[in-house]
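In: turn this into a model:
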Amino acid sequence: MNPQLLTVWAASLVLAFAPSAIALTPTEKNLAFDSYNNAFYVANGGSGYYAVDTNRGAPGRIHFWKVCEQIEAAEDAYDRTGNPAYRDLVRSLLNGLNNVVSGTTDFASWNEYNDDVMWAVIALTRGYEITGNRTFLDQAQWQFNQVWNRAWDSQLGGGFWWRADKQTKNACVNGPATIAAMLLARNTVNTGYRAQADQIYNWLRSTLYNSSTGQVADHIQANGTKVWWAFTYNQGTFAGAATLLFQATGNASYRDAGGLAVNWTRRNLTGQHIVDILNDEYDANGGSGDTAGFKGIFVRWASRWAGAANDASIKSWLSLNANTAWSYRNSSGVMWGQWWRRTPDNYVTSWEASPGLAVSQIPY
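Out: Sure thing, here's the model as predicted:
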């Protein structure tokens, strides 16, 4: 057969057998979450954690931000179901973040990465909303304030520095920081977080966001040079920040900006293996690398945007991705980040499996 015709035929065959955009059933969503927990959750006297991989090793400080995002996936499951058992799991995981992973409740004292602390603030504040445990909210406020004091300044017009060395101001800290400030604002009174959210978002939108296309730049260097690396998690947290501001104000400009970011991702960060399916984003470190879990963050906030905007097309697209991930689960029901081939039975990291969990928990 002509090689070009063979390529076309193979692509057509993939599309012909691609999963439909029908949403996963509640039973399938629950099974996906329970399968993840069966594979990775370790109970530890009220301070549980998700093991690093199927070998069941405990996570340490090097895994800190990944652990925060895995906790968010558990929080997604609770938000979807209201299951008291999931609420108890969230409480256990947040205790584990403090007692097992960090070893202290003051993350900023040892972690120079300001984005890491903001991921924790989000997980803690959502955890407070779920459990009612005031210590989680108090801790979230303390950590946010620590980062604000050390990382926000007027250089480059505002924004948070990524790390203590103050070399770059990144989307990966400023997007989550806007979300964190909005979550803190809705759970506190007269704290100033709402005004801070506006400051952070306005800087992010004016500095690292292309208002014509919807692409979010990765960072701006101290000398003013912008670096337009494209990652799903930056697109997702920008959309999430815009969504929370839209819901708080009703201002359609926030909704529209978030929509541009989501749709840019759909056009530009899909199709690596299957048309319209989010790319793998694995780096040289495979399932242990930071990028392997990025798209779990994207689907969380893209789904929030689609719900707030009532965008049927994006809802259907995300459901298609959920069905595709689920169709390639392994015999234990675990999905990895390569949503075009079967998840291995013998070994997988909990981090690379987290995007499959996140997309399975979208609320439609």
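In: so what pLDDT did Asn37 get?
Out: Confidence at Asn37, expressed as pLDDT, is 98.
In: residue contacts, it?
Out: Asn37 is in contact with Leu89, counting by Cβ atoms under 8 Å, 6 or more residues apart in numbering. Glycine gets a C-beta too; all of them are placed from N, C-alpha and C.
In: any idea how far it is from Asn133?
Out: 20 Å (Cβ to Cβ, to the nearest Å).
In: what do you get for Val52?
Out: Counting by Cβ to Cβ, the gap from Val52 to Asn133 is 26 Å.
In: now swap in Ile122 and tell me
Out: 16 Å.
In: then Gly333?
Out: 30 Å.
In: quick one: which helix or strand includes the most centrally placed residue in the chain?
Out: Nearest residue to the geometric centre of the chain (Cα atoms, centre = their mean): Ile297, 1.7 Å. Assigned by DSSP states H and E, Ile297 belongs to helix 294-309.
In: relative to Ala242, how far out is the residue nearest to Ser350 when sequence neighbours are not counted?
Out: Spatial nearest neighbour of Ser350, chain neighbours left out: Phe40 (4.2 Å); criterion: Cβ to Cβ, 6 or more residues apart in numbering. Between Phe40 and Ala242 the distance is 32 Å, computed by Cβ to Cβ.
In: ok, Gly286 next?
Out: 32 Å.
In: comparing these two, which residue is more hemmed in?
Out: With neighbours defined as other Cβ atoms under 10 Å, Gly286 and Ala242 compare such that Ala242 has more, 33 against 11.
In: hmm, back to that, among Val52 and Asn133, which residue is more densely surrounded?
Out: Taking other Cβ under 10 Å, Val52 and Asn133 do not tie; Val52 has more neighbours (20 against 17).
In: dihedrals phi and psi, the more buried one?
Out: Per-residue torsions, Val52: phi -60, psi -40 (degrees, to the nearest 10).
In: that one reaches Glu352, doesn't it?
Out: No. In this structure, Val52 is not within contact of Glu352 by Cβ atoms under 8 Å, at 10.8 Å.
In: so what's the residue count around Asn187?
Out: Asn187, neighbours per other Cβ under 10 Å, totals 17.
In: which parts of stretch 336-354 are buried?
Out: For stretch 336-354, the neighbour count (16 or more other Cβ atoms under 10 Å) marks 336-340, 343, 348-354 as buried.
In: what does stretch 216-232 give?
Out: Val216, Ala217, Asp218, His219, Ile220, Phe231, Thr232.
In: quickly find the element holding Gln141.
Out: Using DSSP H and E, Gln141 falls in helix 134-151.
In: in that helix, what's buried?
Out: Buried residues in helix 134-151, counted by 16+ other Cβ under 10 Å: 136-137, 139-141, 143-148, 150-151.
In: show me what contacts the nearest residue to Asp153 once chain neighbours are set aside?
Out: In this structure, Asp153 finds its nearest non-sequential neighbour in Trp161, 7.6 Å apart by Cβ to Cβ, 6+ apart. Contact partners of Trp161, counting by Cβ under 8 Å, 6+ apart, are Asn114, Ala151, Asp153, Gln167, Thr168, Lys169, Val173.
In: now Trp161, what are its backbone angles?
Out: phi -70, psi 150.
In: what pLDDT does it get?
Out: 98.
In: how about the strands of the stretch 151-300 of the chain, start to end?
Out: 168-170, 219-221, 226-227 (DSSP state E, counting those that start in this stretch).
In: and for Val100, nearest residue in space, chain neighbours not counted?
Out: Val100's closest residue in space is Tyr49 (Cβ to Cβ, 6+ apart), at 5.1 Å.
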